[in-house]
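Novice: next comes the sequence, and after it the predicted model I'd like to discuss.
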Amino acid sequence: GGANYLYIVNGADNPRAFDGTTWTTPVITGVTASTFININVHKRRIWFVEENSTSAWYLSTDAIQGAASEFDLGAFMTKGGSLLAMGTWTVDGGNGPDDLAVFMSTRGQAIIYKGTDPANANAWALVGVFDLPIPIGSRCMAKMGSDLLIITLEGLLPASKALPFDPS
């Protein structure tokens, strides 16, 4: 609680966490953790993308290890492919209630959710599914200010310009 960590995944080895002094291998149950290719922190939860699947996995709030829960996005991937990456898009310019979870497929579909708890239908809702150019690699998203940049075959796209979204 209250600590800061550097957390890494690569799709081949178990995740690793660094607390500023020591590297550890967090214990994650419910999934083969060595298959994680992408990691993101959204609303105080660590999220992972599983390689060659349509599933994202998340830990409990403020946890760095423990039981992972599956969040399958396959039904929204109408172009096929698998899940590639996840990012957080801060629409209001700060860390607030309207931060959006952006899941990107290998075929360029951005699946966007809002909310805090994917296990609670009253606290987690689909915003929409948007077709974008094909992203490049599992590290295809980066925060820049309040925007989320997406690296695609057609260039660098800011989410604020690429996705039709009305924050009101």
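Specialist: Everything's here; your move. A quick note: this is a predicted structure, and the numbers were derived from the prediction, not measured.

Novice: just confirm residue 34 is within a helix.
Specialist: Yes - looking at residue 34 with DSSP: H, G, I helix; E, B strand; the rest coil, it is inside a helix.

Novice: not counting residues beside it along the chain, what's closest to it?
Specialist: residue 14 (5.1 Å; CB to CB, 6 or more residues apart in numbering). C-beta coordinates here come from the backbone N, C-alpha and C atoms, glycine included.

Novice: I'd say that neighbour and residue 35 touch.
Specialist: No - using CB atoms under 8 Å, residue 14 is not in contact with residue 35; the gap is 9.9 Å.

Novice: of these two, who's got more company?
Specialist: residue 35 (18 against 15; other CB atoms under 10 Å).

Novice: just the helices in the protein please.
Specialist: 159-162 (DSSP state H).

Novice: residue 102 contacts residue 112, correct?
Specialist: Yes - here residue 102 reaches residue 112: they are 5.4 Å apart, a contact under CB under 8 Å.

Novice: list the residues that contact both of the two?
Specialist: Residues within reach of residue 102 and of residue 112 at once, by CB atoms under 8 Å, 6 or more residues apart in numbering, are residue 89.

Novice: these two: which is more packed in?
Specialist: Legend: neighbour count by other CB under 10 Å for residue 102 and residue 112, higher for residue 102 (23 against 20).

Novice: who does the more buried one bridge with?
Specialist: Beta-bridge partners recorded for residue 102 (DSSP bridges): residue 87, residue 112.

Novice: ok, it to residue 15 distance?
Specialist: Counting by CB to CB, to the nearest Å, the gap from residue 102 to residue 15 is 21 Å.

Novice: and the helix or strand bottoming out on mean pLDDT in the chain, how far out from the chain middle?
Specialist: Within the chain, no helix or strand scores below helix 159-162, which has a mean of 85 by mean pLDDT, DSSP states H and E. Relative to its chain's centre, helix 159-162 lies at 17 Å (CA atoms, centre = their mean, to the nearest Å).

Novice: buried ones in that helix?
Specialist: Across helix 159-162, burial judged by 16 or more other CB atoms under 10 Å covers 159-160, 162.

Novice: same question, stretch 75-89
Specialist: For stretch 75-89, using 16+ other CB under 10 Å, the buried residues are 76-77, 81-89.

Novice: equivalent analysis for stretch 48-55, please.
Specialist: With burial defined by 16+ other CB under 10 Å, the residues of stretch 48-55 counted as buried are 48-51, 53-55.
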